[in-house]
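[1] please find the sequence and the predicted model below.
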Amino acid sequence: MWPSLRSGDQAGVEPLDGTPRPGDVLLARFDHALVLHRLTRWESGAVALRGDNTVSEDPPLPPSRVLGRVRQVRRGGALLETGWDQGPRWLGRIRVAVKWRLAALLGRRGGR
C-alpha cells in the first residue's frame, strides 16, 4: 500500500458502519493473511480489493471477510488522522509492471 502505508506504520482500524466507499482502505481476512487494500467494488455477494501498486484486483471476497476500515495511522511517534492516505502512484504501478516482466523473463511465476 506504499506510499499511503509504509513499513513500520501502525494502522488504526475501526469496524464498518455501513457500506464503505470505493477508495477506502480496508482490512480483510484472506486465507493466508490479513491484508490492507483499497476497495474497488462492493457488491452484495463479493468485495473487490486492490493494493495501490498492483496491476490487478485481489480475488473476490465475501463481505463477511472485511474486518474494518483504516481511520488513522501511527507513523514514527505521530498519530496521523488525515494526510496519510496518498493513494496509488504511477511510479509504483510502473515498478510492479517491470517486476512482473522481469520475473517472466527469468522464468519465475508470480514475480517471486
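    Now that the structure is in, tell me what you want to look at. Numbers count the residues shown, from 1 in each chain.

[2] what is the distance between the lowest-mean-pLDDT helix or strand in the chain and the centre of its chain?
    One helix or strand of the chain scores below all others by mean pLDDT, DSSP states H and E: helix 90-105, with a mean of 79. Between the centre of helix 90-105 and the centre of its chain there are 17 Å (C-alpha atoms, centre = their mean, to the nearest Å).

[3] now do stretch 92-112
    Relative to the centre of its chain, stretch 92-112 is centred 19 Å away, using C-alpha atoms, centre = their mean.

[4] got it, and stretch 75-90?
    Worked out by C-alpha atoms, centre = their mean, stretch 75-90 lies 13 Å from the chain centre.

[5] the chain should start at 50 in everything you say after this.
    In the new numbering, first residue 50, that becomes stretch 124-139.

[6] and the most centrally placed residue in the chain, how close does it get to Arg124?
    Nearest to the geometric centre of the chain sits His86, at 1.7 Å (C-alpha atoms, centre = their mean). Distance, His86 to Arg124, by C-beta to C-beta, to the nearest Å: 19 Å. No exception for glycine: its C-beta is placed from N, CA and C like everyone else's.

[7] could you do Gln59 as well?
    8 Å.

[8] elements contacting the helix or strand hosting Ala97?
    Secondary structure from DSSP states H and E places Ala97 in strand 96-99. Judged by 3 or more C-beta pairs under 8 Å, 6 or more residues apart in numbering; DSSP states H and E, the packing partners of strand 96-99 are strand 74-78, strand 83-91.

[9] those strands: which one's closest to Val145?
    strand 83-91 (13.6 Å; C-beta to C-beta).

[10] related to what we said a few turns ago, any chance of JSON lines for the helices and strands packed on strand 96-99, columns mean pLDDT and distance to Pro52?
    As requested, the helices and strands packed on strand 96-99 are arranged in JSON lines below (pLDDT from 0 to 100; distance: least, C-beta to C-beta, whole Å):
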{"stretch": "strand 74-78", "mean pLDDT": "96", "distance to Pro52": "12"}
{"stretch": "strand 83-91", "mean pLDDT": "95", "distance to Pro52": "13"}
